[in-house]
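Novice: okay, predicted coordinates and the sequence, questions at the end:
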Amino acid sequence: MTSKASSFFGWHVVAATFLVAMFGWGVGFYGPPIYLQMVLQRTGWPFALVSAAVTLHFLIGAVVVANLPRLYRRWGVPVTTSAGAVVLAIGVGGWSLASHPWHLFAAALLSGAGWVAMGAAAVNAIIAPWFVRKRPAALSMAYNGASVGGVVFSPLWVVLIAWSGFSQAAMIVGISMTATVAVLSALVFSKSPEALRQSPDGAKSNQVQTMAASSPAPSLARGLLWRDRRFITLSAGMAAGLFAQIGLLAHMFSIVVPFFGPQGAGVLMGGATAAAVAGRTGMGWFMPVSADRRLIASASYGVQVIGSVTLLLAGGDHAAAMIAGVLLFGLGIGNATSLPPLIAQVEFDKADVSRVVPLIVALSQATYALAPAVFGIVRTISEPGVFILAAAIQLVAVATFVYGRQK
């Protein structure tokens, strides 16, 4: 990398956003299943009650993420991101200390509201001012923090809880997270390209003018957005894809444990995460600027369909087929989150993108919050049915993305 490229501050923003995503997903996305188990062990409350708190965690997050643009306009990215970390830390502490059901639901409100300030829409909002042509690569690198968050925090939570208890572990992680995010907000997120007299991608001014001149579409009034075919199909496609993905992943570990054992299943799920990083990184760096991003998203879901069908045909007793199915499914995990904002970038006016991305993320989160329960019901009827359901819903996502292509 040349010295000129090294001086472009945008890549420092990417690195900082990677860390924020690692904490956001590690604590706010991969953490709730562990919190659920810890609360059940400590209180003996009904499973349905504690599961409802996890669902509330994701549903309230959907409400907050839809309003992130307003929070950014009022308080700015640094304050909003730091506040999200504080609220998330307090919420997780509440999960660890809840002695009455209403305590648990109050904690879920806080944790759900806080983590989305470090989630998918937040990552896009932080990266967007710094990159245009190189945004796919920048977003893929930043979003990989989400996958690393799962790899790091899932075992870390278990180790810390075994060592010091849930409440102590929540305090250790909460303090570390809030301190890290506060420092990054002050030193990195407080900067802007205009303040540093830099252009997106580190480009020269004439390049910026050329890119800015190619606006994909005129800005839409708020009411028209909900009637726009591009927005409807993008929202529905992302929601369907993530519903299938989250629903199957919620049961994947327990499905493969009988064949591979706990340790083998853990390694296999780690392989799915590694495949997600590889799939997202490859897409970010090698996708041509002029590529039809809806077709790429459809192809990514198509690979996951093949993975689901492979797992179905494996029948739970063919190791190689099961491994192949999990890894194929894993290749699309990261792209399900990172590709829709990139589609929005090329299909909507810059002013609309800041509204579109939080809304599609919010709708997706509200939808996939119900996925584990729906897949659980199907699994009680027929375990192979979860693979059929996942493949069918992913095909719906593919059809939706293709239908929404510009004519």
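Specialist: Done, it's in. Residues are numbered from 1 along each chain as shown.

Novice: my guess is L56 contacts A107, does it?
Specialist: No: between L56 and A107 there is no contact under CB atoms under 8 Å: 9.7 Å. From N, CA and C alone the C-beta is placed, and that goes for glycine too.

Novice: in terms of neighbours, single out the busier of these two.
Specialist: Using other CB atoms under 10 Å as the criterion, L56 and A107 rank with A107 on top: 24 against 19.

Novice: for that one, what are phi and psi?
Specialist: phi -60, psi -40 (degrees, to the nearest 10).

Novice: if you skip the residues just before and after it, what's nearest to it?
Specialist: G94 (2.7 Å; CB to CB, 6 or more residues apart in numbering).

Novice: contacts only, for P78.
Specialist: By CB atoms under 8 Å, 6 or more residues apart in numbering, P78 lies in contact with 185-186, 189-190.

Novice: just the buried ones among the residues you listed, please.
Specialist: Neighbour counting with 16 or more other CB atoms under 10 Å marks 185, 189 as buried within the contacts of P78.

Novice: count of neighbours near W75?
Specialist: Residues lying near W75 (other CB under 10 Å) number 13.

Novice: pretty sure it is touching S82, no?
Specialist: No: under the criterion of CB under 8 Å, W75 makes no contact with S82, lying 9.5 Å away.

Novice: so which strand or helix has the residue nearest to A107?
Specialist: Per DSSP states H and E, G94 falls inside helix 77-97.

Novice: which of the residues in that helix are buried?
Specialist: Buried residues in helix 77-97 (16+ other CB under 10 Å): 77-96.

Novice: and it, how far from the chain's centre?
Specialist: Distance of helix 77-97 from the chain centroid (CA atoms, centre = their mean, to the nearest Å) equals 18 Å.

Novice: swap in stretch 388-405?
Specialist: Worked out by CA atoms, centre = their mean, stretch 388-405 lies 19 Å from the chain centre.

Novice: could you do stretch 112-124 as well?
Specialist: Relative to the chain's own centre, stretch 112-124 is displaced by 9 Å; criterion: CA atoms, centre = their mean.

Novice: quick one: end-to-end distance for that stretch.
Specialist: 19 Å (CA to CA, to the nearest Å).

Novice: buried sites along it?
Specialist: Buried, per 16+ other CB under 10 Å, within stretch 112-124: 112-124.

Novice: now, which of those residues lie within helices?
Specialist: 112-115, 120-124 (DSSP state H).

Novice: save the residues you listed as a markdown table, and put in distance to A314 and pLDDT too.
Specialist: Shown next, in a markdown table, are these (distance: CB to CB, whole Å; pLDDT from 0 to 100):
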| residue | distance to A314 | pLDDT |
| --- | --- | --- |
| G112 | 36 | 94 |
| A113 | 40 | 95 |
| G114 | 39 | 96 |
| W115 | 34 | 95 |
| A120 | 31 | 91 |
| A121 | 36 | 92 |
| A122 | 38 | 94 |
| V123 | 34 | 95 |
| N124 | 36 | 92 |
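
Novice: how many neighbours does A52 have?
Specialist: With other CB under 10 Å as criterion, A52 counts 16.

Novice: quick one: low-confidence residue ranges for the stretch 151-300 of the chain.
Specialist: Within the stretch 151-300 of the chain, the segments meeting pLDDT under 70 span 204-223.

Novice: swap the cut-off to 50 and go again
Specialist: 206, 208-214 (pLDDT under 50).

Novice: hang on, the earlier thing: using PDB, write out every CA atom in the helix holding G94.
Specialist: What follows is helix 77-97, C-alpha atoms only, in PDB (Å, rounded to 0.1, in the frame of the first residue of the first chain):
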ATOM      1  CA  VAL A  77     -22.500   9.000  15.200                       C
ATOM      2  CA  PRO A  78     -19.900   9.100  18.000                       C
ATOM      3  CA  VAL A  79     -22.400   9.800  20.800                       C
ATOM      4  CA  THR A  80     -25.000   7.400  19.500                       C
ATOM      5  CA  THR A  81     -22.500   4.600  19.200                       C
ATOM      6  CA  SER A  82     -21.100   5.200  22.600                       C
ATOM      7  CA  ALA A  83     -24.500   5.400  24.200                       C
ATOM      8  CA  GLY A  84     -25.500   2.200  22.500                       C
ATOM      9  CA  ALA A  85     -22.500   0.400  24.100                       C
ATOM     10  CA  VAL A  86     -23.400   1.700  27.500                       C
ATOM     11  CA  VAL A  87     -27.100   0.700  27.200                       C
ATOM     12  CA  LEU A  88     -26.100  -2.700  25.900                       C
ATOM     13  CA  ALA A  89     -23.700  -3.200  28.800                       C
ATOM     14  CA  ILE A  90     -26.400  -2.200  31.400                       C
ATOM     15  CA  GLY A  91     -28.900  -4.500  29.700                       C
ATOM     16  CA  VAL A  92     -26.600  -7.500  29.800                       C
ATOM     17  CA  GLY A  93     -25.900  -6.800  33.400                       C
ATOM     18  CA  GLY A  94     -29.700  -6.800  33.900                       C
ATOM     19  CA  TRP A  95     -29.900 -10.300  32.400                       C
ATOM     20  CA  SER A  96     -27.300 -11.500  34.900                       C
ATOM     21  CA  LEU A  97     -29.100 -10.100  37.900                       C
END
